[in-house]
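# Take this sequence and fold it.
(one chain, ligands or ions: 1)
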Amino acid sequence: MSQRETWATRTGFILAAVGSAVGLGNIWRFPFQTSANGGAAFLVVYLAAVLLIGIPVILAEFSIGRRANVDAIKAFRTLDHSGWRFVGAIGILASFWTLSYYSVVGGWVTRYVAGSVTGNALAAPEGYFGAVSAGLPAIVTHAIFLAVTIGIVAFGIERGIELATKFMVPSIVVLLIALAVFAATLPGASEGYAFFLSPDFSVIVEDAATILPAAFGQALFSLSLGFSVMITYASYLGRDDSLLADGLAIAITNTFVGVLAGLVVLPLLFAQGVPPGEGGAGAVFVAIPTALAELPGGGLVGRAIGVVFFAVVFIAALSSAISLLEAVVAYAVDTFGISRAPAAIGLGIAGFLLGIPSALDTAWLDWFDGIGVTLFLPLAVLSVVVFVGWIMGDEAIDELRRGSDLTGVGPAWLWTLRTFVLLVVVLIVALNFNDLFLTPDAGYYIVPGPLR
Ligand code: PHE
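Purely as a prediction, here's the structure:
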């Protein structure tokens, strides 16, 4: 077999990982999760979650991946713990599962770029969303979005993913900054900032049982953790750079982009008197165009901003979808020796088929999202934490130290994983399970909405 691929540069790896992290989660899910969960209070808990849970767990996934240098399931055999292969398997399953509906939303976004150019998306937002998010149009755009994803993954790590994300990530940041500057000029933007940036701590205490799991789930999803994606990306690291520095850079950039997106979306909604929606798959696709349509300038300004905004969302979604497909493709390539291009095409088509229910009915999409984020993700993160903390142990510290000589950090990190992180993740799993299996009205995602 030919030699396994690696990232050409360290920056390439960081940008690819940032590309994975920055996605619909930051730009679409985050501002709306924030609105639905008490505004700035949610932001505070989210930031704490990134710092206390996200960073330790991203380092855990990195240490598995770089140590094993192979796909996320075989990795556990390479590390001499074959019995733990299920950890990688849950993550890969979660990736495949998520790809299916993520690409449906990616398809809508693709359509909205075009709809902003023509102005149709802004003319009658509700009707437009209804038309593009169901039935054949949604299936077609889902197929187009996945085809682009497949195309990039098929080209491989260096010539596909690294090359593409090198352009994509800087574009996202630059364009979002420009949009945030524009949003700052809107009348009443300060109302949006106030909602987003001045926390009411009593809300955190009152609604802890919903805010905590929502914010921690969002932090993990947003950093692409629990999906075997960061294990896979780190497995292409050929050399010994500091995992800690890379992990921090990725977490900081990802958070920065999330906050930036909030600074674009919330002022826009507030300034135009559109109340922040209740979340749900479609909210942003109706609320944003409604707000855009009300901008001055006879609709032209709204269309121009719409094109830029949805282009940013498109790029962000694409660089995340790439990583979701890559986690699965790496498995086919490394474990079964299938060539990359056919693996990407075959698995991409399978993901397309799994996404069809979500394309036909957004209630299915909500269900896929709910199961992915509240069932697969916490279980995978829990098993990663137990594995690295208690099974890999000193070997993980050794891996973290390769490329950086931070003596005290390794043990501190490991003990954080073993105790605090483990405890919090167990709590999240418990709260989610309660929602999933025991609370018919609140969550109860285990029965798909359309079948209830
Ligand atoms: N982090 C991505 C986002 O915020 C979603 C994602 C999750 C991508 C898991 C890959 C793996 O949109």
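
# any idea how far the ligand is from residue 429?
Here the distance between residue 429 and the ligand works out to 17 Å (C-beta to the nearest ligand atom, to the nearest Å). Any C-beta I mention is one placed from the backbone N, CA and C, and that applies to glycine too.

# contacting residues for residue 324?
With contacts defined as C-beta atoms under 8 Å, 6 or more residues apart in numbering, residue 324 is in contact with 95-96, 98-99, 102, 227, 229.

# cool, residue 429 as well?
Each residue near residue 429 by C-beta under 8 Å, 6+ apart is listed here: 378-379, 382.

# Write out the residues of the stretch 1-150 of the chain neighbouring the ligand.
20-21, 23-26 (C-beta under 6 Å from any ligand atom).

# how about the residues of the stretch 251-400 of the chain near the ligand?
Residues of the stretch 251-400 of the chain lying near the ligand by C-beta under 6 Å from any ligand atom: 320, 323-324.

# could you say what helices and strands the helix or strand where residue 345 lies packs with?
For residue 345, the host element (DSSP states H and E) is helix 340-360. With contacts defined as 3 or more C-beta pairs under 8 Å, 6 or more residues apart in numbering; DSSP states H and E, helix 340-360 has these neighbours: helix 85-118, helix 135-154, helix 300-336, helix 362-371.

# Can you classify the nearest residue to residue 253 once chain neighbours are set aside as helix, strand or coil?
Taking C-beta to C-beta, 6 or more residues apart in numbering, and ignoring the residues beside it in sequence, residue 253 has residue 18 as its nearest neighbour in space, at 4.9 Å. Classification of residue 18 by DSSP: H, G, I helix; E, B strand; the rest coil places it in helix.

# What's the local residue count around residue 18?
25 (other C-beta atoms under 10 Å).

# got TSV for the helices and strands packed on helix 340-360, with distance to residue 254 and mean pLDDT too?
Output for those, formatted as TSV (distance: least, C-beta to C-beta, whole Å; pLDDT from 0 to 100):
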stretch	distance to residue 254	mean pLDDT
helix 85-118	16	96
helix 135-154	20	97
helix 300-336	11	96
helix 362-371	19	88
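
# could you dump these to TSV with distance to residue 450?
Output for those, formatted as TSV (distance: least, C-beta to C-beta, whole Å):
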stretch	distance to residue 450
helix 85-118	14
helix 135-154	15
helix 300-336	24
helix 362-371	5
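
# List just the nearest of the residues of the stretch 1-150 of the chain next to the ligand to residue 78.
Among those, residue 20 lies closest to residue 78 (C-beta to C-beta), at 22.3 Å.

# Count residues in the vicinity of the closest residue to that closest one other than its chain neighbours, would you?
If the residues on either side of it in the chain are set aside, residue 20 comes closest to residue 323, at 3.5 Å by C-beta to C-beta, 6+ apart. In terms of burial, residue 323 registers 27 neighbours under the definition other C-beta under 10 Å.

# And the one 4 residues further on, by the same measure?
If you count neighbours by other C-beta under 10 Å, residue 327 ends up with 30.

# residues in contact with residue 313?
With C-beta under 8 Å, 6+ apart as the criterion, the residues that contact residue 313 are 24, 27-28, 109, 112.
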